[in-house]
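Engineer: next input, structure requested:
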Amino acid sequence: MDFFRNKTSSAFTIVEMIVVITVIAILASVVVVSYGTWERTTSINKVKSDLVNAAAKMQSERTFANRFLVGVPATFETSDDVLITGGGSLDGTYYCLDGTLVSDPSIQFYVYSRTVNDGAIAGDCLSRPSLDPPIAPLGVVVTNILVDSANISWTNVLDGDSYMVQCATDAGFISGVIMDETDSTPSTLTELSLETTYFCHVRAVNSSGVGAWSTTVTFNT
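Structural biologist: Down below sits the predicted model:
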């Protein structure tokens with residue numbers, strides 16, 4: 001009887017050990033998952049916090065300059081492993097800032113001045129919805145003027161999804177009108193008339209509408 005009792009006791013001990021090991025493994029995996037979730041949440045909150053602080057700095061700088069800075073204020077310091085990019089529009093009327101965790105770029109948020117009360121939003125400035133038509137492009141110039149063609153260049157605007165280029169042989173854009181649509185600068189116009197003066201301007205387009213025309217530039221073929 002003692003022999004069978006000892007064998008039974010040993011069997012129970014082995015089963016108990018297996019159960020204990022299994023429970024420990026489950027608890028360990030739960031701890032790892034919980035730590036990973038906590039670490040990601042902490043990183044997300046760090047990026048969001050930096051974006052909100054950077055937005056406040058942009059607003060503060062505007063008080064003195066009467067316009068939003070084109071880039072992130074040089075005096076703003078980010079947290080470790082956080083990158084803040086973006087800045088104000090060329091005309092200084094609005095800004096959009098991107099915040100990214102350098103070690104994990106999938107953690108990315110943005111703050112847009114026109115929805116700043118919503119705080120940091122998942123995504124980036126390029127993916128945000130356009131709330132207003134884009135501003136007029138700046139820096140319009142004409143280059144590579146030949147007998148029947150020319151290049152029209154400009155500075156792309158933050159909200160511009162595409163661009164419309166219009167040239168004509170009169171300042172009212174009625175006669176000899178030539179149009180071109182493109183996703184980015186420059187635009188190459190062809191089939192121009194020889195020894196002719198042309199007037200050209202550019203405007204940007206997005207999902208909210210068509211922006212204002214740029215200033216008009218002139219050139220002679």
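Engineer: residue contacts, V210?
Structural biologist: 133, 164, 203-204 (CB atoms under 8 Å, 6 or more residues apart in numbering). Heads up, the C-betas are built off the backbone N, CA and C, glycines and all.
Engineer: in JSON lines, list the residues you listed along with distance to R67 and secondary structure.
Structural biologist: JSON lines is the format used below for the contacts of V210 (distance: CB to CB, whole Å; DSSP: H, G, I helix; E, B strand; the rest coil):
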{"residue": "P133", "distance to R67": "19", "secondary structure": "coil"}
{"residue": "M164", "distance to R67": "26", "secondary structure": "strand"}
{"residue": "R203", "distance to R67": "22", "secondary structure": "strand"}
{"residue": "A204", "distance to R67": "19", "secondary structure": "strand"}
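Engineer: any idea which of the residues you listed has the most stuff around it?
Structural biologist: Taking other CB atoms under 10 Å as the neighbour criterion, A204 ranks highest of these with 25 neighbours.
Engineer: chain neighbours aside, what residue packs nearest to the most centrally placed residue in the chain?
Structural biologist: Centroid-nearest residue in the chain: C125, 2.6 Å away (criterion: CA atoms, centre = their mean). Leaving aside its sequence neighbours, C125 sits nearest to C96 (CB to CB, 6 or more residues apart in numbering; 3.9 Å).
Engineer: partners of whatever helix or strand that neighbour lives in in the sheet?
Structural biologist: Taking DSSP states H and E as the definition, C96 sits inside strand 95-101. The strands that strand 95-101 pairs with in its sheet are strand 82-88 (antiparallel), strand 104-112 (antiparallel) (by DSSP bridges).
Engineer: so can I have TSV of those strands showing mean pLDDT?
Structural biologist: What follows is the strands paired with strand 95-101, written out as TSV (pLDDT from 0 to 100):
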stretch	mean pLDDT
strand 82-88	91
strand 104-112	93
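Engineer: which one of these lies closest to T182?
Structural biologist: strand 82-88 (23.9 Å; CB to CB).
Engineer: ok, M164 to Y198 distance?
Structural biologist: Distance of M164 to Y198, given as CB to CB, to the nearest Å: 16 Å.
Engineer: hmm, I typed the wrong one, I wanted V165.
Structural biologist: 11 Å.
Engineer: tally of neighbours for V140?
Structural biologist: Neighbour tally, V140, other CB under 10 Å: 20.
Engineer: may I have the phi/psi pair for it?
Structural biologist: Main-chain torsions, V140, degrees, to the nearest 10: phi -70, psi 130.
Engineer: next one, pLDDT for it please.
Structural biologist: pLDDT, V140: 94.
Engineer: now for it: which residues touch it?
Structural biologist: 152-154, 200-202, 214-215, 217.
Engineer: can you tell me which of these are buried?
Structural biologist: Among those, those buried by neighbour count (16 or more other CB atoms under 10 Å) are 152, 154, 200-202, 214, 217.
Engineer: ok, the residues you listed vs G176, which is closest?
Structural biologist: Of the buried ones among the contacts of V140, the one sitting nearest to G176 (CB to CB) turns out to be C200, at 11.6 Å.
Engineer: please save the CA atoms from stretch 185-198 in CSV.
Structural biologist: Only the C-alpha atoms of stretch 185-198 are listed here, as CSV (Å, rounded to 0.1, in the frame of the first residue of the first chain):
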residue,chain,number,x,y,z
THR,A,185,5.5,73.1,-60.2
PRO,A,186,6.6,73.8,-62.9
SER,A,187,4.3,73.9,-65.9
THR,A,188,5.6,73.8,-69.5
LEU,A,189,3.5,75.8,-71.9
THR,A,190,3.8,75.0,-75.6
GLU,A,191,2.4,76.3,-78.9
LEU,A,192,3.0,79.9,-77.9
SER,A,193,3.0,82.5,-80.6
LEU,A,194,6.3,84.0,-81.8
GLU,A,195,7.3,87.5,-80.6
THR,A,196,4.2,87.8,-78.4
THR,A,197,3.7,89.2,-75.0
TYR,A,198,2.0,86.8,-72.6
